[in-house]
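Peer 1: Pasting a predicted model and its sequence here:
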Amino acid sequence: MPLWLDLGAFRVVHACWHPPSIERIEQALGGNRFTKVDQLVEAARKSEDLDSLYRAVENVLKGPELHLADYKAPPFMDKDKHEREDARVRWWGSGATRLPELAEVPSNSLTKGGKPYGDLPDVIVSERDRSFSYGDAVPVFYGHYWRTDTPVEHEDWTEYTACVDFSAVNGGTMVAYRWNGEDAINWRNYHPHGQKLIERTPKL
């Protein structure tokens, strides 16, 4: 299966559209899919080298992360009570520069001691951690981030990004986005959530 799709007018990826990672994968694979066993072996060989095939595939399929301790932020406990020292990067936040804008830490998170996590330090993140932000004027659709309820602007969708993972396998709703050729994301095209939001919108 392809690791991403670039269909010109819109794009599709599992976790993060990151051009440098996509370019690295294309160099190694000759395209957007694995065709040889040795390619899979190289991609599965864990490496902290930012230029490695492993890291490029991780960025595209699992999403980039930033190290909280680099910004003097404590680890947090995830929903399964695992301690997390890294936070996912909110790459859909185009132009974001500060830690609270870019670090994906659930609002109901706890510290290891069981206390509410609190606010992230309001500091500017490194150039590397900012580099994942999506800045193209082409809609991109992605999953992986396990959303709930109805899509919220800047959280689940932006002008050019739209998450369609709403936890269908864990009691959530199967959500789709019906693209009709538009140049930017239109929340009304989320199904069924967009229709529910329209029903709640007061008529003028």
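Peer 2: Cool, got the structure. Everything numeric here is computed off the predicted structure, so don't read it as measured data.

Peer 1: Which positions in stretch 94-103 come out as buried?
Peer 2: For stretch 94-103, a neighbour-count test (16 or more other CB atoms under 10 Å) marks 96, 98-99, 101-103 as buried. For the C-beta atoms, the positions are set from N, CA and C on the backbone; glycine is no exception.

Peer 1: I'd like to know which of the residues you listed are part of helices.
Peer 2: The helices, defined by DSSP state H, take in 99, 101-102 from those.

Peer 1: And those, which is closest to residue 17?
Peer 2: residue 102 (15.7 Å; CB to CB).

Peer 1: ok, now how distant is that closest one from residue 96?
Peer 2: The spacing between residue 102 and residue 96, counted by CB to CB, to the nearest Å, is 5 Å.

Peer 1: shared neighbours of the two, anything?
Peer 2: 90, 130, 133 (CB atoms under 8 Å, 6 or more residues apart in numbering).

Peer 1: ok, the first one touching residue 103?
Peer 2: Translated: residue 90. Yes: counting by CB atoms under 8 Å, residue 90 touches residue 103, with 7.1 Å between them.

Peer 1: Please tell me which one of the shared contacts of residue 102 and residue 96 counts the most neighbours.
Peer 2: Highest neighbour count within the shared contacts of residue 102 and residue 96, by other CB atoms under 10 Å: residue 90, with 21 neighbours.

Peer 1: who's in contact with that residue?
Peer 2: 96, 101-104.

Peer 1: now residue 142
Peer 2: 12-17, 161-165.

Peer 1: Go through the residues you listed and flag which are in strands.
Peer 2: 12-13, 161-163 (DSSP state E).

Peer 1: Go through these and name the one nearest residue 76.
Peer 2: residue 163 (20.9 Å).

Peer 1: any idea how far the spatially closest residue to that closest one that is not a sequence neighbour lies from residue 14?
Peer 2: Closest residue to residue 163 apart from its sequence neighbours, by CB to CB, 6 or more residues apart in numbering: residue 156 at 4.9 Å. According to CB to CB, residue 156 and residue 14 sit 16 Å apart.

Peer 1: Over to residue 66?
Peer 2: The separation that residue 66 has from residue 14, given CB to CB, amounts to 19 Å.

Peer 1: Then residue 145?
Peer 2: From residue 145 to residue 14 the distance is 10 Å (CB to CB).

Peer 1: which residues do these two both contact?
Peer 2: Common neighbours of residue 145 and residue 14 (CB under 8 Å, 6+ apart) do not exist.

Peer 1: Verify the stated contact: residue 2 with residue 33.
Peer 2: Yes: assessed by CB under 8 Å, residue 2 is found in contact with residue 33 at 4.9 Å.

Peer 1: Give the full set of residues in contact with the closest residue to residue 103 other than its chain neighbours.
Peer 2: Residue nearest to residue 103 in three dimensions, not counting chain neighbours: residue 87, with 4.1 Å by CB to CB, 6+ apart. Applying CB under 8 Å, 6+ apart, we find residue 87 in contact with 65-66, 68, 76, 103-105.
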